[in-house]
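>>> need a 3D model of the following:
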Amino acid sequence: MSVSRTAPRRVTRLATLYARLPLYWRLIRMDKPIGSLLLLWPTLNALWIAAGGPPPLTVLAIFVLGTVLMRSAGCAVNDYADRDFDRYVKRTENRPLTSGKIRAWEALALAAVLAGLAFLLILPLNTLTRELSIIAVLVAASYPFTKRFFAIPQAYLGIAFGFGIPMGFAALLGHVPLLAWVLLAANVFWSVAYDTAYAMVDRDDDLKIGIRTSALTFGRYDVLAIMLCYAVTLGIYAAVGVALGWIWPFWIGLAGAVACAVYHYTLIRERERMACFAAFRHNNWLGGILFAGIAAQYALRDLMH
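All right, here's what the predicted structure looks like:
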């Protein structure tokens, strides 16, 4: 009798879990890959620079999959932290956790599973990389709470989004050179640029509920601040290119990234919500073009030698 009663319960639980999978998919933003791409481009830059060209396929696969898993875990933690705020923001009021379709513990459990899988991925790598991964998890998990007190939480986000940079150098070189921290600094400025444009979409709602964002902190200088952050980001990459003797494909890629930044100015200068959102999303192209330039110059060097 107990077996006959247990079996239907298991089937019911499995059916319930299956029905909730689309909600979990939305919770971790797998339907919106832009966030994963914004993490991925600087990580790929670091891997190519550290390896002096294409990194080993195993390392590349670990970092690509780990980036997706950690970004997904971060989204679940972010929605948990913001669950009482998101209901007052037009763009986020229908998220699965905020709307009550899933429970808070489910978000935390899913985040823990994803972070655990990401950690399992890096076990074959060296001790330094594993140690840095612990710091990366702590930074990613604490970021959502910085919006309560930090005037520019987007800078903290830049550290969280860019921690694949020192980890990539550690995995390939066994240490983290100064160059890695310089590239991480560039990523912080880039994150402030694109996430300020993102925050401009929710400016009115964030002001009402008391969330701190760079869009509110910069005020009427928001557009100027974004363009200065782009300038610093691309200026750092230009300096790295000169220092490392990068050849013309990189400079074409850098010029393309500059063109993207100028295009973003045309979108954000009027501070129209959907245009600012479009500028945020278009940063995928800026990051992709910059990476393509870096990868292409290494490929051409290999051909020349």
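>>> off-centre distance for the lengthiest helix in the chain?
Ranked by residue count under DSSP state H, the longest helix found in the chain is helix 273-304. The gap between where helix 273-304 is centred and where its chain is centred comes out at 15 Å by Cα atoms, centre = their mean, to the nearest Å.
>>> that one - contacts with which helices or strands?
helix 34-51, helix 178-201, helix 248-268 (3 or more Cβ pairs under 8 Å, 6 or more residues apart in numbering; DSSP states H and E). For every residue, glycine as well, the C-beta is placed using N, CA and C.
>>> list the buried ones in it?
Neighbour-count burial for helix 273-304, counted by 16 or more other Cβ atoms under 10 Å, picks out 275-298.
>>> could you point out which of the helices and strands packed on helix 273-304 sits nearest Phe119?
helix 34-51 (16.4 Å; Cβ to Cβ).
>>> how far is the closest one from where the chain is centred?
That offset, for helix 34-51, works out to 10 Å (Cα atoms, centre = their mean).
>>> ok and that helix relative to helix 273-304, angle-wise?
Put simply, helix 34-51 runs at 20 degrees to helix 273-304, going by axes from the mean of the first three to the mean of the last three Cα atoms, to 10 degrees.
>>> can I get helix 34-51 in PDB, CA atoms only?
Coordinates of each C-alpha in helix 34-51 appear next as PDB, following Å, rounded to 0.1, in the frame of the first residue of the first chain:
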ATOM      1  CA  ILE A  34      22.600  39.800 -22.800                       C
ATOM      2  CA  GLY A  35      23.800  39.700 -19.200                       C
ATOM      3  CA  SER A  36      25.900  36.500 -19.800                       C
ATOM      4  CA  LEU A  37      27.400  38.100 -22.900                       C
ATOM      5  CA  LEU A  38      28.400  41.200 -21.000                       C
ATOM      6  CA  LEU A  39      30.300  38.900 -18.500                       C
ATOM      7  CA  LEU A  40      31.700  36.800 -21.300                       C
ATOM      8  CA  TRP A  41      33.400  39.300 -23.400                       C
ATOM      9  CA  PRO A  42      35.900  40.600 -20.800                       C
ATOM     10  CA  THR A  43      36.500  37.100 -19.600                       C
ATOM     11  CA  LEU A  44      37.400  36.000 -23.200                       C
ATOM     12  CA  ASN A  45      39.700  39.100 -23.500                       C
ATOM     13  CA  ALA A  46      41.500  37.900 -20.400                       C
ATOM     14  CA  LEU A  47      41.900  34.300 -21.600                       C
ATOM     15  CA  TRP A  48      43.200  35.400 -25.000                       C
ATOM     16  CA  ILE A  49      45.700  37.900 -23.500                       C
ATOM     17  CA  ALA A  50      46.900  35.500 -20.800                       C
ATOM     18  CA  ALA A  51      47.400  32.700 -23.300                       C
END
